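Chemist: Take this sequence and fold it.
(chains A and B)
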Amino acid sequence: GAVVSQHPSWVICKSGTSVKIECRSLDFQATTMFWYRQFPKQSLMLMATSNEGSKATYEQGVEKDKFLINHASLTLSTLTVTSAHPEDSSFYICSAHSGGRAEAFFGQGTRLTVV
Amino acid sequence: AQSVSQHNHHVILSEAASLELGCNYSYGGTVNLFWYVQYPGQHLQLLLKYFSGDPLVKGIKGFEAEFIKSKFSFNLRKPSVQWSDTAEYFCAGGPGGGADGLTFGKGTHLIIQP
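Modeler: The predicted structure is shown next:
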């Protein structure tokens, strides 16, 4: 149980376009999901907290207009990278908590490359 | 500010050697601590966690960690490593008492030589 799935696993897009990444909790409901970003050979950095039915909470330094988060249902959160640039190339990972537990379950991540 | 630091970025060991990966945290209040492992091409998986109680926690695959409050540490240990333990290991912390986003250490790349 407690499986989190991300789609797509990897994506290549042209500079200036937008890319949507989906994060789904497959066997549990998640009122809160989290989006992380991981640069090569670096750690995961929390970008934002996605709250079902309300606005996301962004960490300091993360542009909310660039990284649009929508949490329309208890099993789906989406991250849209708008007007992507090469510096947005990174590994994006989502996580969710099951049943209010502090343990987080992670998606497999999405490798975004902007050319 | 909350932070998690891992001392070793790259560790190379031979099979059957003992392992200890360092992790220190800095939090204002109570803290939940975790060790995650990421095998090549796979999801992050939880190895073990500490919320409260017995400071020595045992996880999967023979791993254990000890929460030492006085040292703000949560080091990961395994008495005898295997080749299959080759992976990236992340220490992470979050505020105690709830489900919140985590602060991760930079990770330790562990290579086990057969």
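Chemist: what's the neighbour count on the closest residue to A:Ala56 other than its chain neighbours?
Modeler: Nearest non-adjacent residue to A:Ala56, counting by C-beta to C-beta, 6 or more residues apart in numbering or on different chains: A:Ile69, 3.9 Å away. (Each C-beta comes from the backbone N, C-alpha and C, glycine too.) Taking other C-beta atoms under 10 Å in any protein chain shown as the neighbour definition, A:Ile69 ends up with a count of 23.
Chemist: repeat for B:Leu46
Modeler: B:Leu46: 17 neighbours (other C-beta under 10 Å).
Chemist: Now A:Pro86: phi and psi?
Modeler: Backbone geometry at A:Pro86, expressed as degrees, to the nearest 10, gives phi -50, psi -30.
Chemist: isn't B:Phe74 right up against B:Leu33?
Modeler: Yes - with contact defined as C-beta atoms under 8 Å, B:Phe74 and B:Leu33 form a contacting pair (4.5 Å).
Chemist: any shared contact partners between those two?
Modeler: Common contacts of B:Phe74 and B:Leu33 (C-beta atoms under 8 Å, 6 or more residues apart in numbering or on different chains): B:23, B:25, B:50, B:65, B:67, B:91, B:93.
Chemist: Of those residues, which is the most crowded?
Modeler: Most neighbours among the shared contacts of B:Phe74 and B:Leu33, by other C-beta under 10 Å: B:Cys91, with 31 neighbours.
Chemist: Next, the contact list for that residue, please.
Modeler: B:4, B:6, B:21, B:23, B:25, B:33-36, B:74, B:76, B:104-105.
Chemist: what's the closest of those residues to chain A?
Modeler: B:Phe104 (4.4 Å; C-beta to the nearest C-beta).
Chemist: my guess is that closest one meets B:Phe90, correct?
Modeler: Yes - the pair B:Phe104 / B:Phe90 is scored as a contact, 5.3 Å apart, by C-beta under 8 Å.
Chemist: what sits in contact with each of these two?
Modeler: A:43-44.
Chemist: Contact partners for the residue lying closest to A:Ser5 once chain neighbours are set aside?
Modeler: Sequence neighbours aside, A:Arg24 is the residue nearest to A:Ser5 in space, at 4.9 Å (criterion: C-beta to C-beta, 6+ apart). With contact taken as C-beta under 8 Å, 6+ apart, A:Arg24 is in contact with A:4-7, A:75-76.
Chemist: Count residues in the vicinity of A:Leu74, would you?
Modeler: Under the criterion other C-beta under 10 Å, the count of neighbours that A:Leu74 has is 16.
Chemist: again, but for the one 4 residues further on
Modeler: Here the count is done by other C-beta under 10 Å, and A:Thr78 has 19 residues near it.
Chemist: Contacts only, for it.
Modeler: A:Thr78 makes contacts with A:20-23, A:69-72, as judged by C-beta under 8 Å, 6+ apart.
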